[in-house]
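A.B. asks: The amino acid sequence is not available; the structure is as follows:
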């Protein structure tokens with residue numbers, strides 16, 4: 001994996017699994033912006049890959065025992081909604 005930036009969904013999974021606490025919240029909020037999504041699209045990620053990456057962030061909130069970030073200005077997808085779609089309602 002790139003030390004600077006994951007290069008595949010699998011590398012993103014490893015990276016996200018290592019996040020916790022404030023670091024998780026900060027990285028998840030930054031990842032859930034239109035700019036980040038556009039960056040991933042430019043790198044060749046498919047819409048499905050992008051959703052998978054955001055789902056990984058949402059699930060990591062559950063693993064970390066914290067409420068998912070919500071109400072993010074200009075958020076791309078709602079982390080609570082993603083979790084609800086997966087049957088993990090944590091609202």
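C.D. replies: It's in. What you see is a predicted model; the values in this text were computed from it and never measured. Numbers count the residues shown, from 1 in each chain.
A.B. asks: quick one, helices of this protein?
C.D. replies: 9-17, 21-31, 34-42, 47-64, 79-85 (DSSP state H).
A.B. asks: so which of these gets nearest residue 70?
C.D. replies: With C-beta to C-beta as the measure, helix 79-85 is the member of the helices of the chain nearest residue 70 (5.1 Å). Bear in mind the C-beta positions are built from the backbone N, C-alpha and C, glycine included.
A.B. asks: who does that closest one touch, helix- and strand-wise?
C.D. replies: On a contact count with 3 or more C-beta pairs under 8 Å, 6 or more residues apart in numbering; DSSP states H and E, helix 79-85 meets helix 47-64.
A.B. asks: what's the helix it packs on packed up against?
C.D. replies: helix 9-17, helix 21-31, helix 34-42, helix 79-85.
A.B. asks: out of these, deepest packed?
C.D. replies: helix 79-85 (a mean of 18; mean count of other C-beta atoms under 10 Å).
A.B. asks: pLDDT on that one, on average?
C.D. replies: Mean per-residue pLDDT for helix 79-85: 92.
A.B. asks: what distance separates that helix from the centre of its chain?
C.D. replies: Using C-alpha atoms, centre = their mean, to the nearest Å, the mean C-alpha position of helix 79-85 is found 11 Å from that of the whole chain.
A.B. asks: Now do that helix: everything it contacts.
C.D. replies: For helix 79-85, contacts defined as C-beta atoms under 8 Å, 6 or more residues apart in numbering pick out 28, 32, 51, 54-55, 57-59, 61-62, 68-70, 89-91.
A.B. asks: Name the nearest of the residues you listed relative to residue 76.
C.D. replies: Using C-beta to C-beta, the contacts of helix 79-85 come closest to residue 76 at residue 32, 5.3 Å.
A.B. asks: pLDDT weak spots in the chain?
C.D. replies: Applying pLDDT under 70 to the chain flags residues 1-4, 89-91.
A.B. asks: mind checking the backbone torsions on residue 43?
C.D. replies: phi -80, psi 0 (degrees, to the nearest 10).
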